[in-house]
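*Asks:* Attaching a predicted model along with its sequence, questions to come.
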Amino acid sequence: MAWLSQKQVSALTGFSESALRHWRKGRKEWDSSLCGPAFFSVHGRIYYSAPSVQLWMRKHAALSGIIGLEASDLIPIR
């Protein structure tokens, strides 16, 4: 399973590291319908699993009404 850093998830999703941090802390002032991808912490470092980010991206795209999101646009699962 591929583990992604906050910086990698930020680059893949287009959301800033700050937005990811706010979502982890439960702060969703700008849109309460959004929440970030599932994450876990090891010794203070934040990691995301590639499959959970991929699932979150699909869900977020569906909620946002993004049309034409292709499987090739998502993270490859190895």
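*Replies:* Yep, that arrived. Residues are numbered from 1 along each chain as shown.
*Asks:* now A38: how far from S49?
*Replies:* Distance, A38 to S49, using CB to CB, to the nearest Å: 7 Å. All C-beta spots, glycine's among them, are computed from the backbone N, C-alpha and C.
*Asks:* Counting neighbours, go ahead and name the busier of those two.
*Replies:* S49 (18 against 12; other CB atoms under 10 Å).
*Asks:* Spit out the contact partners of the more buried one.
*Replies:* Contacts for S49 (CB atoms under 8 Å, 6 or more residues apart in numbering) come out as 1-4, 38.
*Asks:* mean confidence score for stretch 22-30?
*Replies:* Averaged over stretch 22-30, pLDDT sits at 69.
*Asks:* per-residue pLDDT, I67?
*Replies:* 49.
*Asks:* now the helices: where do they sit in the protein?
*Replies:* 6-13, 17-24, 50-64 (DSSP state H).
*Asks:* Would you format those as CSV with mean neighbour count and distance to G44 included?
*Replies:* Listed next are the helices of the chain as CSV, based on neighbours: other CB atoms under 10 Å; distance: least, CB to CB, whole Å:
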stretch, mean neighbour count, distance to G44
helix 6-13, 17, 12
helix 17-24, 15, 12
helix 50-64, 16, 20
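*Asks:* Least reliable of the ones you listed by average pLDDT, please.
*Replies:* Looking at the helices of the chain, the bottom one is helix 50-64 with a mean of 80.
*Asks:* By neighbour count, which of the contacts of S49 wins?
*Replies:* Going by other CB under 10 Å, L4 tops those with 20 neighbours.
*Asks:* Make sure that one is actually in contact with L12.
*Replies:* Yes. Contact criterion CB atoms under 8 Å: L4 and L12 qualify, at 7.4 Å.
*Asks:* Return the residues in contact with A19.
*Replies:* By CB under 8 Å, 6+ apart, the neighbours of A19 are G36.
*Asks:* and the gap between it and H43?
*Replies:* In terms of CB to CB, A19 sits 23 Å off from H43.
*Asks:* before we move on, what about S16?
*Replies:* Remark: distance between S16 and H43 (CB to CB) = 24 Å.
*Asks:* Which one's more surrounded, the two?
*Replies:* Counted by other CB under 10 Å, S16 and H43 do not tie: S16 has more neighbours, with 11 against 4.
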